[in-house]
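Trainee: return a 3D structure for these sequence lines:
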Amino acid sequence: MSKNKKAVLLISLGTPDSPSWFDVASYLSQFLGDGRVLSSLPSFLRFLLVNLIIVPTRTFSSSKSYKELWTERGSPLKFHMEDLTKKVRYALQDSYDVEYAMRYKNPSLDNRLASFEKKGYEEIILIPVFPQYSSAANGSFLDYALKKISKWNVIPSIKTVSQFYDNEDFLEAFKENILKFDLDSYDKIVFSYHGLPMSQLDDTYKTGKCDDRNCENGVSGDNHHCYKAACYETTKLLLNKLDIDKEKAITAFQSRLSSNWVKPFSDKVIEDFADHGIKNILVVSPSFTGDCLETIFEIGVEYEELFIEKGGQKLDYVPSLNSNDNWVKCIEGMVKKL
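Mentor: Just a heads-up that it's a prediction; the model follows:
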């Protein structure tokens with residue numbers, strides 16, 4: 001039994017328990033029902049929209065997609081988190097116990113935190129594994145966990161990591177993955193980040209809106225917690241490390257639910273490239289630290305099919321960090337600096 005008095009909890013988004021229609025519907029309902037995900041709607045309208053419109057219309061296609069990427073080990077996102085946790089646990093074994101949890105579904109935050117409370121740790125470090133802060137992901141994870149911990153009789157020292165897009169080890173980890181490809185063989189490189197509603201970006205600011213700032217230029221001034229600014233800054237930092245001509249790259253956003261999400265849209269960018277005679281594209285997704293439905297299927301299958309259909313020749317996707325050693329080093333370093 002561990003004698004460590006400190007613990008690290010890595011928190012990821014989540015995944016259905018199986019690709020069955022029921023489990024996918026249950027996952028989507030929990031995920032999209034989170035008040036921080038569809039934050040612009042009152043709770044009653046959000047409940048109706050999610051459970052009467054979105055879940056019934058999206059579950060069949062989502063279930064089909066999950067079945068295509070499901071493996072003998074289950075969901076890629078889950079087993080990558082399992083592998084990552086084992087490596088981080090080994091790296092920190094002398095000082096910290098290390099576990100992971102999913103914000104939605106299993107292993108649940110509720111169960112992990114209940115286990116932590118029973119073990120009576122003196123210090124807990126919460127790390128959402130998303131590099132750029134967003135209220136819908138990092139904010140939701142930390143908000144939920146801290147509310148649960150606040151009800152404990154004995155509340156230990158709590159430390160959190162809200163974002164780490166500029167962490168050198170994180171950038172090195174993605175650089176290593178990108179350099180496994182012959183960059184000269186691609187006409188364009190698309191840095192594709194998960195999309196968010198513009199209303200969430202606007203909520204970042206006490207006054208004005210996201211569009212009032214020059215977030216396309218990266219992080220400066222009062223936009224250091226703006227998701228859009230952090231994404232553009234991530235692209236800029238990676239381009240500097242890779243020594244790539246900025247004209248060869250573009251930042252875009254995927255997985256939108258409506259036209260009111262942050263632009264440009266990744267699929268539209270890829271389609272436009274094909275229409276203008278671009279033949280070879282490399283896609284990188286630095287907002288995802290673990291491969292999942294949005295990377296393996298949306299980019300690796302749907303975007304490739306779209307590009308080829310429109311006249312492109314090759315679209316390759318750079319695998320995410322998953323459990324590679326530099327990503328482990330990044331987490332280890334963040335923990336030790338806190």
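Trainee: got a list of what the residue most central in space within the chain touches?
Mentor: When CA atoms, centre = their mean is applied to the chain, the residue found nearest the centroid is F288 (4.0 Å). Residues near F288 by CB atoms under 8 Å, 6 or more residues apart in numbering: H194, E294, T295, S320. In this view, the C-beta of every residue, glycine as well, is placed from N, C-alpha and C.
Trainee: and which of the residues you listed is nearest to F116?
Mentor: S320 (27.1 Å; CB to CB).
Trainee: measure the closest one to G139 for me?
Mentor: Distance, S320 to G139, by CB to CB, to the nearest Å: 22 Å.
Trainee: ranges for the strands of the stretch 101-250 of the chain?
Mentor: Assigned by DSSP state E, counting those that start in this stretch, the strands in the stretch 101-250 of the chain fall at 123-128, 157-160, 188-194, 249-254.
Trainee: looking at these, which is closest to N106?
Mentor: strand 123-128 (17.2 Å).
Trainee: which of the residues in that closest one are buried?
Mentor: Across strand 123-128, burial judged by 16 or more other CB atoms under 10 Å covers E123, I124, I125, L126, I127, P128.
Trainee: ok, now stretch 31-47?
Mentor: Those buried within stretch 31-47 under the rule 16+ other CB under 10 Å are F31, L32, G33, D34, R36, V37, L38, S39, R46.
Trainee: thought the third one was touching F44?
Mentor: No. Under the criterion of CB atoms under 8 Å, G33 lies out of contact with F44, with a separation of 11.6 Å.
Trainee: for I11, which three-state class applies?
Mentor: strand (DSSP: H, G, I helix; E, B strand; the rest coil).
Trainee: who does it form a beta bridge with?
Mentor: I11 has these beta-bridge partners by DSSP bridges: A101, P128.
Trainee: ok, back up a step: so which of the buried residues of stretch 31-47 comes closest to K188?
Mentor: Of those, the one sitting nearest to K188 (CB to CB) turns out to be V37, at 30.9 Å.
Trainee: helix or strand: which one has P56?
Mentor: helix 55-69 (DSSP states H and E).
Trainee: tally of neighbours for the residue nearest to R89 when sequence neighbours are not counted?
Mentor: Excluding the flanking residues, the one nearest R89 by CB to CB, 6 or more residues apart in numbering is V98, at 4.0 Å. Neighbour count of V98, defined by other CB atoms under 10 Å: 26.
Trainee: show me how this structure divides into domains.
Mentor: Per automatic domain parsing, the structural domains of the chain span 6-164+325-337, 181-317.
Trainee: for the first one, measure first residue to last.
Mentor: Between the opening and closing residues of domain 6-164+325-337 we find a distance of 14 Å, counting by CA to CA, to the nearest Å.
Trainee: neighbours around N260, how many?
Mentor: 11.
Trainee: for it, what are its contacts?
Mentor: P197, M198, S199.
Trainee: for the helix or strand of the chain with the lowest mean pLDDT, packing partners?
Mentor: Lowest by mean pLDDT, DSSP states H and E among the helices and strands of the chain is helix 43-48, with a mean of 92. Of the remaining helices and strands, none touches helix 43-48 by 3 or more CB pairs under 8 Å, 6 or more residues apart in numbering; DSSP states H and E.
Trainee: roughly how far out does it sit from the chain middle?
Mentor: Distance of helix 43-48 from the chain centroid (CA atoms, centre = their mean, to the nearest Å) equals 25 Å.
Trainee: surely S199 touches S39?
Mentor: Yes. S199 is in contact with S39 according to CB under 8 Å; the separation is 7.1 Å.
Trainee: now secondary structure too, for the buried residues of stretch 31-47, in a markdown table please.
Mentor: Shown next, in a markdown table, are those (three-state DSSP):
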| residue | secondary structure |
| --- | --- |
| F31 | helix |
| L32 | helix |
| G33 | coil |
| D34 | coil |
| R36 | coil |
| V37 | coil |
| L38 | coil |
| S39 | coil |
| R46 | helix |
